[in-house]
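Colleague: Turn this into a structure:
(2 chains)
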Amino acid sequence: MIGVGKIKQYSNVLDRSLSKGKQEVSLSAFAFLFSELVQYNQTQVDNISELERRLEDAGYAVGARVLELLCHREKGNRRETRLLGILSFVHSTVWKVLFGKVADSLEKGTEHEDEYMISEKELLVNRFISIPKDMGTFNCGAFVAGIVRGVLDGAGFPAVVTAHFVPMEGQQRPRTTILIKFAEEVLRREARLG
Amino acid sequence: MDTNDSLRVASLWHSMHAISQQLSPTVGCSGIELLEADTFDLHCFQSLTGTKFFVVCEPGTQHMEVLLTVIYELYTDYVLKNPFYEMEMPIRCELFDINLTQAIQKDRVALLGR
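Modeller: Next up is the predicted model:
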């Protein structure tokens, strides 16, 4: 018959084509989901560092998957082998896909050779969250730190990643910095590659 | 006005609002929207869930309803999406306070500029 199109009905998400990217999700929906994630973990733990660790683990799972997906979609299945390459991948591509914009800045640490920092004026996940005074230095950006750690680990650059608030003069709200500390073997390999 | 006084006043207002709904001669009344007194005006906004926002201002201040809807939006953003806020507790969210003062400043500037 003329005009009858064939519509593929995908019964489950695994059958759908991978290249259909650029889906946007409502910020409010994500904010509520993330808020519930934090609240749920709060009931399970006794102290703040446990809570941070749990958020980071949740982010780690996301990071591992995001790495695979983005390597396929954005980079044509090419693999990053250099330190600066993977850092700019995280700073631009990963941030663009997850948060809709590239990260504000990428800096190399001055005191130690193995430290790098990605800074953001205000992390998207922290947009609606006000930390109560009695929680001290807790930062829900630990979730994003976990994502970065997942991406780096999956790409073969093991690192310790943490999120910190850095107070800025003249600004009411502190800036957020994701501190990445690479493992010894990464630096040795980087030095060997020249 | 400290927290306890605010709570006392707010609960008084809540009861009055509920009583006014029953007392109203018209059918389908949703409660007091405007209270005009000698030295102040009180505008009240009730959300679909029954949460009431009221603002006390100088007599004759215009466009308070718009301000109240803006405040309602700020409430849904910075209080309800905050994982550290417990429902029905006094609001101690930094972001809410910052944005609230900003909204009121903007409103005041717009009012004086007219």
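Colleague: Now A:Arg53. Nearest residue, chain neighbours left out?
Modeller: Distance criterion C-beta to C-beta, 6 or more residues apart in numbering or on different chains; nearest residue to A:Arg53, sequence neighbours excluded, is A:Ala142 at 7.9 Å. Bear in mind the C-beta positions are built from the backbone N, C-alpha and C, glycine included.
Colleague: And A:Ile178, how far from A:Tyr116?
Modeller: Distance, A:Ile178 to A:Tyr116, using C-beta to C-beta, to the nearest Å: 9 Å.
Colleague: Same check on B:Ala103?
Modeller: Distance, B:Ala103 to A:Tyr116, using C-beta to C-beta: 39 Å.
Colleague: Comparing these two, which residue is more hemmed in?
Modeller: Neighbour comparison, B:Ala103 and A:Tyr116: the larger count goes to A:Tyr116, with 22 against 15 (by other C-beta atoms under 10 Å in any protein chain shown).
Colleague: rewinding a little: overlap of the contact sets of A:Ile178 and A:Tyr116?
Modeller: Residues touching both A:Ile178 and A:Tyr116 (C-beta atoms under 8 Å, 6 or more residues apart in numbering or on different chains): none.
Colleague: Please save the CA atoms from the helix or strand hosting B:Ala103 in CSV.
Modeller: Assigned by DSSP states H and E, B:Ala103 belongs to helix B:94-113. The C-alpha coordinates for helix B:94-113 follow below in CSV (Å, rounded to 0.1, in the frame of the first residue of the first chain):
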residue,chain,number,x,y,z
GLU,B,94,20.8,29.8,52.4
LEU,B,95,20.0,29.9,48.7
PHE,B,96,16.3,30.6,49.5
ASP,B,97,17.2,33.5,51.7
ILE,B,98,19.6,35.0,49.2
ASN,B,99,17.2,34.7,46.3
LEU,B,100,14.3,36.0,48.4
THR,B,101,16.1,39.2,49.3
GLN,B,102,17.1,39.6,45.7
ALA,B,103,13.5,39.2,44.5
ILE,B,104,12.3,41.8,47.1
GLN,B,105,15.0,44.3,46.1
LYS,B,106,14.1,43.9,42.5
ASP,B,107,10.5,44.4,43.3
ARG,B,108,11.2,47.5,45.4
VAL,B,109,13.5,49.0,42.7
ALA,B,110,10.9,48.4,40.1
LEU,B,111,8.2,50.0,42.3
LEU,B,112,10.3,53.1,43.0
GLY,B,113,11.4,53.5,39.4
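Colleague: Give the other helices and strands that that helix contacts.
Modeller: Helices and strands touching helix B:94-113, by 3 or more C-beta pairs under 8 Å, 6 or more residues apart in numbering or on different chains; DSSP states H and E, are helix B:64-74.
Colleague: now the angle between helix B:64-74 and the worst-scoring helix or strand of chain B on mean pLDDT, please.
Modeller: When each helix and strand of chain B is scored by mean pLDDT, DSSP states H and E, helix B:94-113 comes last, with a mean of 85. For helix B:94-113 against helix B:64-74, the angle by axes from the mean of the first three to the mean of the last three C-alpha atoms, to 10 degrees is 160 degrees.
Colleague: Could you list the residues in contact with helix B:94-113?
Modeller: Helix B:94-113 is contacted from outside by A:128-131, A:172, B:61-63, B:67, B:70-71, B:74-75, B:77-79, B:82, using C-beta under 8 Å, 6+ apart.
Colleague: For that helix, which residues meet the burial criterion?
Modeller: Judged by neighbour count (16 or more other C-beta atoms under 10 Å in any protein chain shown), helix B:94-113 contains these buried residues: B:94-96, B:99-100, B:107.
Colleague: got it, and stretch B:21-29?
Modeller: With burial defined by 16+ other C-beta under 10 Å, not one residue of stretch B:21-29 is counted as buried.
Colleague: Pull out the CA atoms of it and give them to me as CSV.
Modeller: Taking C-alpha atoms only, stretch B:21-29 is exported to CSV below (Å, rounded to 0.1, in the frame of the first residue of the first chain):
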residue,chain,number,x,y,z
GLN,B,21,-13.4,29.6,54.2
GLN,B,22,-16.3,28.2,56.2
LEU,B,23,-17.8,31.6,57.1
SER,B,24,-18.0,32.9,53.5
PRO,B,25,-21.5,33.5,52.2
THR,B,26,-20.4,32.6,48.6
VAL,B,27,-20.0,29.1,47.5
GLY,B,28,-16.5,27.8,46.6
CYS,B,29,-14.5,30.4,48.6
